[in-house]
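S.K.: got a structure for you, letters missing:
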């Protein structure tokens, strides 16, 4: 709804059917880029420009950050080493904990030809 209030002229320029779709976060063929922006927001990266089958096209790629959990690192031991007062001491190993890294995962693409949506695809949630 924030993008609708930020872009009232673009929203009003849409047909009633397109307005209903963008309110629900959906897009359809023939929509202009402003409608896709209102429905889905900005793409994750700058638009990709290209040429195919005699036509210029633009592709918007959407992504989201997903966590990747790594196996805890094991540090040290177990080993016997120097202990207090010249003796020997057992040193057990320890885990450093779980590491989490976030990586981008592409979740949608929108293809525009001549400033209109001609196709789109979305990833199936895992």
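M.R.: Perfect, I can see it now. Values in this document were obtained by computation on a predicted structure and should not be read as measured data.

S.K.: Lowest average confidence across helices and strands of the protein, where is it?
M.R.: strand 74-75 (a mean of 56; mean pLDDT, DSSP states H and E).

S.K.: Could you find the closest non-adjacent residue to residue 30?
M.R.: residue 116 (5.3 Å; C-beta to C-beta, 6 or more residues apart in numbering). Where you see a C-beta, it was placed from the backbone N, CA and C, and this is true even at glycine.

S.K.: so what's residue 60 bridging to?
M.R.: Residue 60 has these beta-bridge partners by DSSP bridges: residue 110.

S.K.: just checking, it touches residue 43?
M.R.: Yes: counting by C-beta atoms under 8 Å, residue 43 is a contact partner of residue 60 at 3.8 Å.

S.K.: With residue 62 as the reference, measure out to residue 25.
M.R.: For residue 25, the distance to residue 62 equals 12 Å [C-beta to C-beta, to the nearest Å].

S.K.: Comparing the two, which shows the higher neighbour count?
M.R.: residue 62 (20 against 10; other C-beta atoms under 10 Å).

S.K.: Need the pLDDT of that one.
M.R.: For residue 62, the pLDDT comes out at 95.

S.K.: which SS class is it?
M.R.: Judged by DSSP: H, G, I helix; E, B strand; the rest coil, the three-state class of residue 62 is strand.

S.K.: Give the closest residue to it in space, chain neighbours not counted.
M.R.: Nearest non-adjacent residue to residue 62 (C-beta to C-beta, 6+ apart): residue 108, at 4.0 Å.

S.K.: which neighbours do residue 25 and residue 62 share?
M.R.: Common neighbours of residue 25 and residue 62, counting by C-beta atoms under 8 Å, 6 or more residues apart in numbering, are residue 40.

S.K.: and the nearest residue to residue 41 once chain neighbours are set aside, how many neighbours does it have?
M.R.: Leaving aside its chain neighbours, residue 41 sits nearest to residue 3 (6.7 Å; criterion: C-beta to C-beta, 6+ apart). By the other C-beta under 10 Å criterion, the neighbourhood of residue 3 contains 16 residues.
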